[in-house]
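> Structure, please.
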Amino acid sequence: MKRVYLAITMSLLLSSSTFAHFQMLYTPESALEKGATIELREVFTHPFADEHTMDMGKQHDSEENNPVEAFYVINKGKKKDLLNTLQTITWTGSHNTAAAYKSQYKAKRMGDHLFILQPAPYYEAGEDIYIQQITKMVVNVAGAPTDWDTELGLKAEIVPLTKPYSIWTGSTFTGIVKGNGKPVPFAEIEVEYLNRDVNLDTNATGPSYIEAPQDSFVTMGIKADANGQFTFGLPRAGWWGFCALGAGSDKEYKGKELSQDAMIWVQVKDMQ
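Now for the predicted structure:
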């Protein structure tokens, strides 16, 4: 199932485009030399084209804004709840502003700090469905690996087989798509590059780095094999998002179809 967003309506006499939804869990640096306070941003957007940023948590039948069901970090097997660290912000993308969140986390201990963000389902009016993207991102301190490949048994999950924070440009990322701990055969995966600078002071994106030669390069599509495993080559430094569509066990929400997706972000570095 492809998810689309009608970026510019015909009523505005402009053409429409289709772009993938990606739950962003952003921090500038995933490989730290020593402990530090990590700035995080939680934004629901289209990372390559930045055509439209969605309001996190807004439902079609309620004015309530309850954007996140769970937000926590795991380090050396210990889980810390971060839900109360979320602060409301207005995110400014290239074409609109939207409700998003920021937070801080003090990464004092060495090893991997595995962040999990589970937003509330988002109602996509264009398709009359809900979308929920259970998102992973890993920050490492001092190079000691601890939790990066931990399998959590989430309803939708990409378990990395490559360290998400130590990838050279031109190498690959490999993962396994799972739902409730079981591999998802032939899972459909969308891949996008975060194609803009992120300004943490203004909570905004900057100009794009590159232009896609055709729309198929904006959101790249791959499929997992019969065991739920996939590998993707990474041609450029920066953040890359992988989203396995409908990998989760929950298929319905409030009487409508739910796409419960598995999301992971990896950071790529140039060899200098």
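> Could I have the CA atoms of stretch 195-203 written out in CSV?
Extracted as CSV, the C-alpha positions of stretch 195-203 are listed here (Å, rounded to 0.1, in the frame of the first residue of the first chain):
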residue,chain,number,x,y,z
ASN,A,195,17.6,16.5,2.0
ARG,A,196,17.9,19.7,4.1
ASP,A,197,19.7,21.2,6.9
VAL,A,198,17.8,21.3,10.2
ASN,A,199,18.1,24.5,12.3
LEU,A,200,17.5,23.5,16.0
ASP,A,201,17.5,27.2,17.1
THR,A,202,14.5,28.1,14.8
ASN,A,203,13.0,24.6,14.5
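> Contact partners for Glu151?
Residues in contact with Glu151 (Cβ atoms under 8 Å, 6 or more residues apart in numbering) are Glu157, Val159, Lys178, Gly181. All C-beta atoms are positioned from the backbone trio N, CA, C, and that covers glycine.
> just checking, which of those residues belong to strands?
Glu157, Val159, Lys178 (DSSP state E).
> what's the neighbour count on the first one?
Think Glu157. Neighbourhood size, Glu157 [other Cβ atoms under 10 Å]: 25.
> beta partners for it?
Judged by DSSP bridges, the bridge partners of Glu157 are Lys178.
> Please apply the same query to Ala204.
Here Ala204, judged by DSSP bridges, has bridge partners Thr92, Asn199.
> That one and Thr97, how far apart?
Here Ala204 is placed at a distance of 9 Å from Thr97 (Cβ to Cβ, to the nearest Å).
> Ok, Tyr209 next?
Using Cβ to Cβ, Tyr209 is found at 22 Å from Thr97.
> hey, where'd the strands end up in the stretch 151-272 of the chain?
157-160, 167-168, 172-179, 182-183, 188-193, 196-199, 204-208, 220-223, 229-233, 238-244, 252-253, 256-269 (DSSP state E, counting those that start in this stretch).
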